[in-house]
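Undergrad: Sequence plus the predicted model coming up.
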Amino acid sequence: MDKNMKTIKTGLLESLPLSIAISTYGLSYGVLANEANLGLFAVMAMSLFVFSGSVQMVVVAMISAGSSFGSVLITSILLNLRNLLYGAGLAEGLAPAKKWKWLLAFGVSDEPYVLGSSRFHKYGPDPLYFGVVTGTFYLAWIVASFIGAIIGNEIDSQKWGLDLAFPVTFVALLIPSLKERPIVATALTAVLITTVLEYLFPGNQFTIIIAGIVSPLIGLYLKGGPNNA
Amino acid sequence: MLNHWFLIGFLSVTTYLSRIIGLEFMAGQQMSPTLRLYFQYVPIGIITALIMKQVLIPGEGQLSISVPVLVGCISTAIAIKVIKVFLPSVAIGVLFGLLVRHFL
């Protein structure tokens, strides 16, 4: 019992700084989703049942841009591919949870993966710790989404520049990732592909999917190239 | 609006499936490092394309650039590099974009 309390305390303490960061994303998501005319119930339903910052932000941006239903679905599937890796990486550490694993699976995403895998590496399997971390992040995400949606509903979007919030939020998410040459090359290729496709086929629904599928190939090529071998 | 609920239902199911499949069925499986890297690069390509879709304004046979959006993006990029804090960086980008929109 004492050990469990200690694990809960550690989980709460270690997840708190990231919860603040997640809250800021959640706040942005709430505002942007409201801007995309999703409605409060839909904004909250997405946060409650999907619980994925990247998927939710991208989907809301695509809805705002008038993307087709099909292209939004394909893009979301592409974005979710990395969860396969996270799940595989966390499987051993969550193995003692047995049937509860199906509930804990809900937390398989970027931030819980980072904390969970680091904990399992140091102390071995610990489903309780992962549950506490996921629960804390989930609560932060839900509350922040709600506040963002309420705030967004109360203010004039053009006057306050909320339409600008979409691109600048994505820039703030993207820039810290651009640390290696292949990643920068992936981003630059996506810039090129999007520009060419928007010129040739303005407003094309498949631009984002094509950029998402093709541009990583250039990053991969550079990663495997002679200078990086 | 009905489409939004279909979308939320679909996203809920597919996102959960991507999580549980990794956890239950891919554990212990060897995955190619190339495929692993590819999965990591996909969000970079998608997010960049989304930014560019907002910066570019397609017209009849030509492309123009939304200067307020471009200035907002550059301001945020510099801010996040310098202060490394998410929300203030977003606020700075919106502020500069708004200033450009109103004064230029």
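TA: In hand now; what should we look at? Note that the coordinates shown come from a computational prediction; the quantities given were computed from them, not determined experimentally. Residues are numbered from 1 along each chain as shown, chains lettered A, B, ... in the order given.

Undergrad: Any idea how far apart the tips of stretch B:20-39 sit?
TA: Taking C-alpha to C-alpha, to the nearest Å as the measure, stretch B:20-39 stretches 17 Å from start to finish.

Undergrad: quick check, distance from that stretch to the centre of its chain.
TA: 24 Å (C-alpha atoms, centre = their mean, to the nearest Å).

Undergrad: Over to stretch A:89-106 now: how far is its first residue from its last?
TA: Across stretch A:89-106, first to last residue, C-alpha to C-alpha, it's 15 Å.

Undergrad: Repeat that for stretch B:80-87.
TA: 9 Å.

Undergrad: Tell me the buried residues in it?
TA: Judged by neighbour count (16 or more other C-beta atoms under 10 Å in any protein chain shown), stretch B:80-87 contains these buried residues: B:80, B:86-87. In this view, the C-beta of every residue, glycine as well, is placed from N, C-alpha and C.

Undergrad: Stretch A:129-144 now?
TA: Using 16+ other C-beta under 10 Å as the test for burial, stretch A:129-144 gives A:129-138, A:140-144.

Undergrad: Next one: the residue nearest to residue A:53 when sequence neighbours are not counted relative to residue A:19, how far apart?
TA: Spatial nearest neighbour of residue A:53, chain neighbours left out: residue A:25 (5.0 Å); criterion: C-beta to C-beta, 6 or more residues apart in numbering or on different chains. Separation of residue A:25 from residue A:19 (C-beta to C-beta, to the nearest Å) stands at 11 Å.

Undergrad: what does the average pLDDT come to for stretch A:211-227?
TA: Computed over stretch A:211-227, the mean pLDDT rounds to 85.

Undergrad: what's the answer for stretch A:126-133, then?
TA: Mean predicted confidence for stretch A:126-133 is 95.

Undergrad: What of stretch A:3-12?
TA: The model assigns stretch A:3-12 a mean pLDDT of 90.

Undergrad: From the chain's centre, how far out is it? Work that out for me.
TA: Using C-alpha atoms, centre = their mean, the offset of stretch A:3-12 from its chain centre is 26 Å.

Undergrad: in that stretch, what counts as buried?
TA: Buried positions in stretch A:3-12, judged by neighbour count with 16+ other C-beta under 10 Å: A:7, A:10-11.

Undergrad: can you check stretch A:177-197 too?
TA: Going by 16+ other C-beta under 10 Å, stretch A:177-197 has these buried residues: A:177-178, A:182-183, A:185-187, A:189-195, A:197.

Undergrad: And the contacts of it?
TA: A:174, A:204, A:206-208, A:210-212, A:214-216, A:218-220, A:222-223, A:228, B:37, B:41, B:44-46, B:48-49, B:52-53, B:56, B:63 (C-beta atoms under 8 Å, 6 or more residues apart in numbering or on different chains).

Undergrad: Please check those residues and keep the buried ones.
TA: A:174, A:204, A:206-208, A:210-212, A:215-216, A:218-220, A:222-223, B:37, B:41, B:44-46, B:48-49, B:52-53, B:56.

Undergrad: Among these, which ones are in strands?
TA: Applying DSSP state E to the buried ones among the contacts of stretch A:177-197, the entries found in strands are residue B:56.

Undergrad: tell me the contacts of residue 89?
TA: Reading this off chain A. For residue A:89, counting by C-beta under 8 Å, 6+ apart, the contacting residues are A:113, A:117, B:22.

Undergrad: ah, no, chain B please
TA: With C-beta under 8 Å, 6+ apart, residue B:89 has these contacts: A:168, A:172, B:76, B:79-80, B:83.

Undergrad: about what we covered before: residue A:25 and residue A:19: which has the busier surroundings?
TA: Neighbours were counted for residue A:25 and for residue A:19 using other C-beta atoms under 10 Å in any protein chain shown; residue A:25 has more, 25 against 21.

Undergrad: from what I can see that one touches residue A:144, true?
TA: Yes - contact criterion C-beta atoms under 8 Å: residue A:25 and residue A:144 qualify, at 7.5 Å.

Undergrad: Run through the residues that contact whichever residue of chain B sits closest to chain A.
TA: In chain B, the residue that lies nearest chain A is residue B:22 (2.1 Å; C-beta to the nearest C-beta). Contact analysis of residue B:22 by C-beta under 8 Å, 6+ apart lists A:83-91, A:108.

Undergrad: Looking at the residues you listed, spot the one nearest residue B:17.
TA: The closest of these to residue B:17 turns out to be residue A:83 (C-beta to C-beta; 8.9 Å).

Undergrad: That closest one belongs to a helix, doesn't it?
TA: Yes - judged by DSSP: H, G, I helix; E, B strand; the rest coil, residue A:83 forms part of a helix.

Undergrad: Can you give me the distance of it to residue B:26?
TA: Taking C-beta to C-beta, one finds residue A:83 at 10 Å from residue B:26.

Undergrad: More neighbours: which of those two?
TA: For residue A:83 versus residue B:26, neighbours defined as other C-beta under 10 Å are more numerous around residue A:83 (27 against 17).

Undergrad: If anything else comes up later, I'll come back, but that's it for now.
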